[in-house]
Each structure stands twice: as structure tokens, then as C-alpha cells.
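S.K.: whatever this is, show me its structure:
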Amino acid sequence: MRFLIVLLSLLFCKFYSQDITAYNAIYNKTFLETAQKDYFKALQIADSLYTISQTPVLQVKSLMLSATLYGQSAEFEKSIDYALRSEKIIEDTDNIIWKAKIYGFLATHYRYVRLWDQSKKYYELGISTAQTIPKPEISNSIMAMMMQESAYYWIEQQNYHKSLAAIKKGQSYDKESNLNPVFLTQNEQLLGYNYYHLNRFEKSFDHYQKALDLSKELPQDFFLVGLIHNGFALLYLQKSNLKKAKEHLDIAQKISDGSKYLSLKNEVYEISEKYYAATKNLEDYVKIKEKHDTNAKRIDAKMRSFINQSYSKIQKENTIVKKQDNDKRIIIFLAGLLIAICILAFIRYRKKNKKNIENFRQILNELDKKHKTLLYEISTTENLAIPDTVTSSTGNAGETLIVSEVIKKNILAKLNEFERSQAFTRNNISLSYLATFCETNTKYLSAVINSTKNKDYNNYINDLRIDFIVEKLRHNPKYRKYKIATLAEEAGFSSHNKFSMIFKKVTTLSPSVFIKYLEEEAAM
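M.R.: Numbering: from 1, shown residues only. Predicted coordinates:
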């Protein structure tokens, strides 16, 4: 029986700890290692414990053990179902401590499946219930963990400042309680994660180091240890220290391979993609991306399955009690409204998709025409008729430059040579560099580009880069597997955001949508 109590405490400590004093008294590293490795045996034990439980609290403990085990494997439907069963049992008792724990657990797991209203409901219930617990030590420990749940919520919303504020508020409760090592380690890991995304890398490194030091009390194959090493790998990648990044990534990968936590696998695969992109190891990059996509699809499928099952249950319940309960009629109305909105959204999507496909095909045709025209211009540069005067974009308003025909032809010939050399893919290219390349000055060069290309220097370079990457995507399928950041770098852009913005400006489509249409066309 002692083993079962310890196992329950250890598995449940990630979310909402039991009596902290009792927990620390029985905490043992060996038991945590057993719980990590013997997942199916733990499920059998939990089911057996529920069968023989004589009191509501014992029943709740066994059900929550199963809920926690299913949660770590992203079995959201089962996890939440067990927790809801626990809620029904504990509601008939005056055990406010376990009520607070269950509310917190449900807040976390509804957040996992993106049901924000449900998550917020149980979060608020957890806070209000925890505040009524008469024992300050237990109340503070649960409040600290509720703040940690709030921090996770804000991370999901990518609001890292609010996430940090939640953690710091939780630390004020932390000082007044005796929290377990798992929670303390996780707090430091979260601080490191938030500071990284706020570009405060040194501060992030300090907190990850504290998390690593605290994790020495935990089994070294524990999921949290994997997240810590994954964070270090990300930091070292940011510093371009590929050797150190690989050391930590290997440790995280080893833990991930032996873990049931699909979310950990997702994190490790994401950083692995960044590493192989940085090392330009295309073969391993493609392999890890396939694993990442497969894992993400598994999580998504489990989420969709849970949501579908949830709505199906709601609809059945509404059918049974609709004549007696006005609230159920409101739910049916809202469900119908939701379906109508979905149908309208689908119709709008189809229209938009059809328009995008038409734009896509038009883009390809225009690019083909553009390249034919370019080839013709290159072959007939000598015979081009060019006006003797052109307006300079670099001079004062109304200023004109008298450029001799010989100079203009020389500049155009050099521009053709420049375009064939693909030197425009260098991200440090500048007007002065191009002027030197064309053996002229920036004023003459700008004037010739404006008059012959009908665009300024920046648009001229951006158009060349986008045409270049589009041709790569069309004729070299491996480019369609690259991340947007890699394509941006290949084309010479300083950031993937700028690349995406210019790509959409030139083609009217985002890079991901353009690649999608290329893949669909190739499959036809």
C-alpha cells in the first residue's frame, strides 16, 4: 500500500501536489524511476486500487492516478474523463484540498485541448477553492501551482511577460510552503523558456542552469530533465555553438525516445530541426521533420477525437432533456449557430482557395513570360532602344540625368550579367556594391533601373530574389521541404518575416500556401 501512495504522489506532483510535508517524507528517487518506466503496470495498479477503495478520497486518488498517466501520453479523452469522474465523487464531500487539486488538473488538461473557456472555469474554481483551505502550507503550495498553470496558459498565448509575472507571483507562495523538487525545477525551466523568447539569453541560461542543478535530485530520464537539456540546446544554437547544442540535444533525444510524453517529443523534434538546418544536414533534417510531423499529427488526432466525442455527448444529452431544461435548448441553438458559422467559414475558405489557385496559376504563367522576356532582352541588349534622358530616383524632385546611350547599354549588359550570376542572393548586397559591379555610380544605376525596370533598386532586388526562390521551389522538390527561414536565407533575406512579407507582396500568396499548391499540382 505504501508503494501505491508514493506512486500516486510522484505522478501527480507535476500538476498539484498532495500534503507537501507528507510528500517530502516519503519522496524517494527510486520510486519516481519506477513510475517513469512502468507505465502500463501503473495503470493496472490504479484500476485495482479503485476497485478496492472504500472511501471517496481513496477512489478519487486512484482515478486521478489513471488521469495523470493517460495525460502524459496525450490520451486527453481518457484523462479528462477520469478527472471528471473524480470531480463528481469529491463534490459530495467536504474535502476542499482534493477539490482544488482536481480543478487545477482539469484547468491544465482543458488547456491542452484548446478549450479555453473550460480551462478558465476550472482555473478560477481552483484559485477560489485553494484560498479557503485552512492550512496555510497546503493552500500556498496549491496557489503556487495554480500560478504555474497560469504561466503555461500565457505561454500558449505567446505572452511571455504575463507568464513571467505569473511565475513570480507563484514564487511568493513558494516561499511560504515546502514545495517538491519537481515543481521547483519546473519553475526554473519555465523561467528559462520565457526569458529565451524575450531574447534575454543570459538570464535564460542562468535559469536553465538552476533547473539543471535542481534536477540532480530527479531521475535523469525524467521528462523535465529532457526539457531542460532541450532548452540548453536551443540557447547554444542561438550562440552558434553547434558542438554544445548537439551534446544537450543528444541527452534530450535519449530521454524523449524512452518517454511517453508526446509533448516532450514535439519539443525535442522542433529543436532537432533547427540544429540540422543550422548544420545544413538535409538528410537528417528530413528524417526528423517526418518524425515531428507524425508526432504532431498523433497529438492533433487525439485532441480532435476528444473534442468530437465531447460534442457528441453534449448533443445526446441535449436530445434527452431538451423538453425539461431550457439551458440545453440554448446549447442546441449555440451548436447550430456554430455549425452555421463553420459552414459559412468553409464556403468562404473554398472561395478564397479557388481564388488563390487562380492566382497561383497566373503567377506561374507570368513568371514563364517574364523569363522568356528576360532571355530575349539578354540576347538583344545591343539593339535595345533606350531614351536618352531618364528621371533619377536619387536626385531632387524633377531632376533629370543625361546618360549617354553607350553608358546605358553598358549598365544594362552588366545588370544582365549580375542577374545571371545570382549575386543578388547575398544578404549584404547594396546599391553601392551593384554600382561598382556595373562600373558606374549609384545615380546612373538608379536612373537606368527606374527607367528600364520600372521599379526602384530595392524592389528590383526583392523581385529577383523571389523569382529565384520560386524557380527553385518549382523545379527542385527538395526546396519544398525546407523551413521558411531556410528559404529566406537561401534567397538572401535577413529574416524569414521579411521574406514572407515580400513573397506575399510579389505573388499575393504566402510561401507555405504557394508550396502547398505546388505539391498538389505535382501530385496530379
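
S.K.: so which residues of the stretch 101-250 of the chain form helices?
M.R.: Using DSSP state H, counting those that start in this stretch, the helices of the stretch 101-250 of the chain run over residues 116-130, 136-156, 160-174, 181-197, 201-214, 223-238, 242-257.

S.K.: determine which stretch of these is the most buried.
M.R.: Most buried of those by mean neighbour count (mean count of other CB atoms under 10 Å) is helix 223-238; its value is a mean of 24. Every residue, glycine included, has its C-beta placed from N, CA and C.

S.K.: and this protein, what are its domains?
M.R.: 2-177, 304-358, 361-523 (automatic domain parsing).

S.K.: those: which one's closest to residue 209?
M.R.: Minimum separation from residue 209 across those (CB to CB) falls at domain 2-177, 16.7 Å.

S.K.: how far away is the residue of the chain positioned farthest from its centre from residue 411?
M.R.: Most distant from the centre of the chain: residue 404, at 55.9 Å, with distances by CA atoms, centre = their mean. Noted for residue 404: a distance of 11 Å to residue 411, by CB to CB, to the nearest Å.

S.K.: tell me where the stretch 351-500 of the chain has strands.
M.R.: Applying DSSP state E, counting those that start in this stretch to the stretch 351-500 of the chain gives strands spanning 389-391, 400-402.

S.K.: and these, which one averages the lowest pLDDT?
M.R.: Lowest mean pLDDT within the strands of the stretch 351-500 of the chain: strand 389-391, a mean of 47.

S.K.: is it true that residue 258 touches residue 221?
M.R.: Yes - using CB atoms under 8 Å, residue 258 is in contact with residue 221, at 5.8 Å.

S.K.: looking at the two, which one has more neighbours?
M.R.: A direct count of neighbours by other CB atoms under 10 Å for residue 258 and residue 221 places residue 221 higher, at 17 against 12.

S.K.: that one is in contact with residue 259, isn't it?
M.R.: Yes - at 7.4 Å, residue 221 and residue 259 qualify as touching, with contact defined as CB under 8 Å.

S.K.: does anything pack onto the strand or helix carrying residue 273? Which helices or strands?
M.R.: Residue 273 is part of helix 262-278, with elements assigned from DSSP states H and E. Under the contact criterion of 3 or more CB pairs under 8 Å, 6 or more residues apart in numbering; DSSP states H and E, helix 262-278 touches helix 223-238, helix 242-257, helix 282-321.

S.K.: for these, give me JSON lines that also has distance to residue 344 and mean pLDDT.
M.R.: Formatted as JSON lines, these follow (distance: least, CB to CB, whole Å; pLDDT from 0 to 100):
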{"stretch": "helix 223-238", "distance to residue 344": "41", "mean pLDDT": "91"}
{"stretch": "helix 242-257", "distance to residue 344": "41", "mean pLDDT": "91"}
{"stretch": "helix 282-321", "distance to residue 344": "18", "mean pLDDT": "71"}
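
S.K.: of all these, which one is nearest residue 472?
M.R.: Residue 472 sits nearest to helix 282-321 of all those, at 13.7 Å, using CB to CB.

S.K.: mind listing what residue 495 touches?
M.R.: Listed by CB atoms under 8 Å, 6 or more residues apart in numbering, the contact set of residue 495 reads residue 488.

S.K.: now it: phi and psi?
M.R.: When read as degrees, to the nearest 10, the backbone of residue 495 gives phi -150, psi 160.

S.K.: sorry, back to before: do you know the pLDDT at the residue farthest from the centre of the chain?
M.R.: On the pLDDT scale, residue 404 is placed at 82.

S.K.: one more: residue 72?
M.R.: Looking at residue 72, the pLDDT reads 74.

S.K.: residues near it, how many?
M.R.: Neighbourhood size, residue 72 [other CB under 10 Å]: 19.

S.K.: quick one: residues contacting it.
M.R.: Counting by CB under 8 Å, 6+ apart, residue 72 makes contact with 223, 260-261.

S.K.: biggest helix in this structure by residues?
M.R.: When the chain is parsed with DSSP state H, its longest helix is helix 326-379.

S.K.: and that helix, average pLDDT?
M.R.: The model assigns helix 326-379 a mean pLDDT of 72.

S.K.: packing partners of it?
M.R.: Secondary-structure packing of helix 326-379 (3+ CB pairs under 8 Å, 6+ apart): helix 282-321, helix 405-421, helix 457-475, helix 511-523.

S.K.: go again with 6 Å.
M.R.: When contacts are defined as 3 or more CB pairs under 6 Å, 6 or more residues apart in numbering; DSSP states H and E, helix 326-379 packs onto helix 282-321.

S.K.: check what pLDDT the residue nearest to residue 239 when sequence neighbours are not counted gets.
M.R.: Closest residue to residue 239 apart from its sequence neighbours, by CB to CB, 6 or more residues apart in numbering: residue 201 at 7.6 Å. Here the pLDDT value assigned to residue 201 is 93.

S.K.: and residue 467, how many neighbours?
M.R.: Neighbour count of residue 467, defined by other CB under 10 Å: 19.

S.K.: then residue 474?
M.R.: Residue 474 has 17 neighbouring residues, counting by other CB under 10 Å.

S.K.: try residue 476
M.R.: 9.

S.K.: how much space between it and residue 468?
M.R.: Noted for residue 476: a distance of 11 Å to residue 468, by CB to CB.

S.K.: before we move on, what about residue 351?
M.R.: Distance, residue 351 to residue 468, using CB to CB: 32 Å.

S.K.: and these two? Which one has more around it.
M.R.: For residue 351 and residue 468, the more surrounded residue by other CB under 10 Å is residue 468, and the numbers stand at 17 against 10.

S.K.: helix or strand: which one has the residue nearest to residue 53 when sequence neighbours are not counted?
M.R.: Leaving aside its chain neighbours, residue 53 sits nearest to residue 59 (4.4 Å; criterion: CB to CB, 6+ apart). Using DSSP H and E, residue 59 maps to helix 56-72.

S.K.: run the angle between that helix and helix 223-238 for me.
M.R.: Angle of helix 56-72 versus helix 223-238, following axes from the mean of the first three to the mean of the last three CA atoms, to 10 degrees, is 30 degrees.

S.K.: by how many degrees do the following helix or strand past helix 56-72 and helix 116-130 diverge?
M.R.: Counting by DSSP H and E, the element after helix 56-72 in chain order, helix or strand, is helix 76-91. Per the same axes, to 10 degrees, the angle that helix 76-91 makes with helix 116-130 is 30 degrees.
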